[in-house]
Each structure stands twice: as structure tokens, then as C-alpha cells.
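> Predicted model follows, preceded by the sequence.
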Amino acid sequence: MYETVGVLLAGGESSRFGQPKAFAKYRGRSFWEHSYEVLKAETDQQLIISRTDLVDRMKETATCQVIKDNVEVKGKGPLAGIYTAMNHEKAVWYFILSCDVPLITNHLIRSLLDLRHPTIKAVIPKVNGKLHPLIGVYHHSVFPFVEKQLTKQEYKIVSLLDKIEVLYVSEKEIGVDRNIFSNINSQEDYKQLLTNDKISESKLIDLDYQ
């Protein structure tokens, strides 16, 4: 069993973006490669969860396993990715990261991992009152809660957080800029990223996937 496994979720539909966000380019690399590299540097093992039509493309350059969601939870959103990862790779802690936050840094990953504690089950950033459950640390003991929610067809990650002990931390507490948490939902967001290397505050990650 590993102490930490970095899990990259890269199988979303990207409906608002118009094409798979995972392969959008930023500073010469795909979004998923940016996220993967920081996870690789800060966790003991890595795992990429994607969908059938993207897996082979990622395998061409990834040096870790790239797998699809377990068949019984396929298409059930990020919670299904967490379930699949915890089923596939055993660890004490899992760092869950979406592929559409290209400004993510090693410092952020390391800072959140440093806040692990036996009395809590997750470490989740909270920026301007908004939660970022797909940039967070989860203890392996949350698996039964994930499994139960999927069985009951409750797919919102915030519902999971309501059931477990969570340490919420602000960007100030971990010493990072809030723009790190910006995710890319649309072509407009992408243009702003390429132009400014950041997205306006109003474009901070929303809660529609939770």
C-alpha cells in the first residue's frame, strides 16, 4: 500500500468547451500533462482515470497506468473516478485532481498533503466561499461513503463532504494565489488563460460538477 496516490480525473464530457479539455494546450503541453507532472512530483504513485476514447492517447506519453471508470459506475461523474481509483490502487491517502486546472503548482499539492491528520478524512480548499473538491486530499476510509452514495445515485461530491470530517483551508492559509484554482470551462476561459495566464475572479471554479 502506498502512502499517497495522485489521481488525475481526465474523463469529463467537456460539453461547454466543445472538445476534450484534457488535450487543450498551455505552454506547450496538454492540460492533463500539467496536472500529471505535479502529481508525479509530489505523490508516491499516480493513476489517470479517463474515458474509452481518450485512454490510448494518454498512454502514449503517460508513465503511469491510465484506466477507465469501473463498468458499474461508468458515466457517474467525478465520484465514479474516485471510486475507481480507490478500488484499483491501494493507498492511505489519495490526492484527487481534475485535468482542467493548468495553473496548478507543486507547492499547492505539497501544502495540502502536509495538512493530513489522523482525525480528518479530507483536506479541501475553500476560496471565496467556494469549495474545490477536485483539488483535494482524501483518506482511504471514505471509500464506503463513496460507494454508498453511488449505490443511492447521489453523485454530488459536496454530499460526500457533508458526511465526513473535512479540513477546509483558504488560499491564504496555504500561501497560494487564488488564480491557481481557476479551471477552464469554456473557450472564453481558454482565451483568457492564453492571453493573461490567469482567469478573472468571476471565473473561479464553479460548483456545477458537484
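Noted; the coordinates are in hand.

> What pLDDT does the model give F145?
Reported pLDDT at F145 in the predicted model: 97.

> same question but for I199, I mixed them up
Here, the pLDDT recorded for I199 equals 45.

> and if you look at T151?
With respect to pLDDT, T151 has a value of 93.

> and if you look at the one 3 residues further on?
E154 is assigned 93 on the pLDDT scale.

> So I67: helix, strand or coil?
Of the three states, I67 takes strand under DSSP: H, G, I helix; E, B strand; the rest coil.

> Just list whatever residues bridge to it.
I49 (DSSP bridges).

> and the gap between it and L79?
I67 sits 16 Å away from L79, taking Cβ to Cβ, to the nearest Å as the criterion. For every residue, glycine as well, the C-beta is placed using N, CA and C.

> of those two, who's got more company?
For the pair I67 and L79, the greater number of neighbours falls to L79 (23 against 18), based on other Cβ atoms under 10 Å.

> Would you confirm that the more buried one contacts V146?
Yes: between L79 and V146 there is a contact under Cβ atoms under 8 Å: 6.1 Å.

> so what's in contact with these two at the same time?
Applying Cβ atoms under 8 Å, 6 or more residues apart in numbering, one finds that L79 and V146 are jointly contacted by L160.

> Got phi/psi on F23?
Torsion angles at F23 (phi, psi; degrees, to the nearest 10) stand at phi -100, psi 10.

> now it: how far from R178?
Plainly put, F23 is 26 Å away from R178 if you go by Cβ to Cβ.

> Please apply the same query to D69.
Here the criterion is Cβ to Cβ. By it, D69 lies 31 Å from R178.

> If you count surrounding residues, which of those two has more?
Counting neighbours by other Cβ under 10 Å for D69 and for R178 shows that D69 has the greater number, 22 against 16.
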